[in-house]
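Student: Quick one: sequence plus predicted model below, questions after.
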Amino acid sequence: MAQDTGRGENGDRHRSPEEAALSERLGNLDQRLSELRDRHIKTEQPAGDGEDKAARASAMALGFRLSSELVAGVVVGAGIGWGFDRLLSTSPFGFIVFLLLGFVAGVVNVVRTAGAGQNRRGGS
């Protein structure tokens, strides 16, 4: 009913010499590949650590720059609005309008700095 494929507990006795040689070659190849992978990983790690730290530091610097530009836009807009409200007695409308304008200006600066706006200009 079930066909004997020559594999299993007693399958080693029924293998031909060609199959045994092939199995031995595959085992040797697997061993050599694992040794090469180990060597490749060991030689790659020290160089990768320095580059990884520099990339992380650069990404953090860019993140701080973008966040500070956004916060600066909002703070400057709020300050101008507060000043107009004090001079013209229009509280709180000047503050709200310039706060929103400062937020928009901050977002525009962040988009421009991040480079997302360059794709649109490059196509025009």
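Tutor: Done, it's in.

Student: count of residues packed around Ser91?
Tutor: 13 (other CB atoms under 10 Å). The C-beta positions use only the backbone N, C-alpha and C, and glycine is treated the same way.

Student: Correct me if wrong: it contacts Asp85.
Tutor: Yes: checked against CB atoms under 8 Å, the pair Ser91 and Asp85 is within contact range at 4.4 Å.

Student: where in the chain is pLDDT low?
Tutor: Scanning the chain for pLDDT under 70 picks out 1-13, 44-50, 116-124.

Student: if you set the cut-off to 90 instead, what comes out?
Tutor: 1-17, 20, 33, 35-59, 62, 90-91, 113-124 (pLDDT under 90).

Student: Now do the longest helix belonging to the chain: distance to the chain's middle.
Tutor: Identified as the longest helix of the chain according to DSSP state H is helix 17-88. Taking CA atoms, centre = their mean, to the nearest Å, one finds helix 17-88 lying 6 Å from the centre of the chain it belongs to.

Student: Following element in sequence after it, please.
Tutor: helix 93-114 (DSSP states H and E).

Student: relative orientation of that following helix and helix 17-88 in degrees?
Tutor: Calculated by axes from the mean of the first three to the mean of the last three CA atoms, to 10 degrees, helix 93-114 forms an angle of 150 degrees with helix 17-88.

Student: Show me the contact partners of helix 93-114.
Tutor: Residues outside helix 93-114 that contact it (CB atoms under 8 Å, 6 or more residues apart in numbering) are 62, 65-66, 69-78, 80-82, 84-85, 88, 117.
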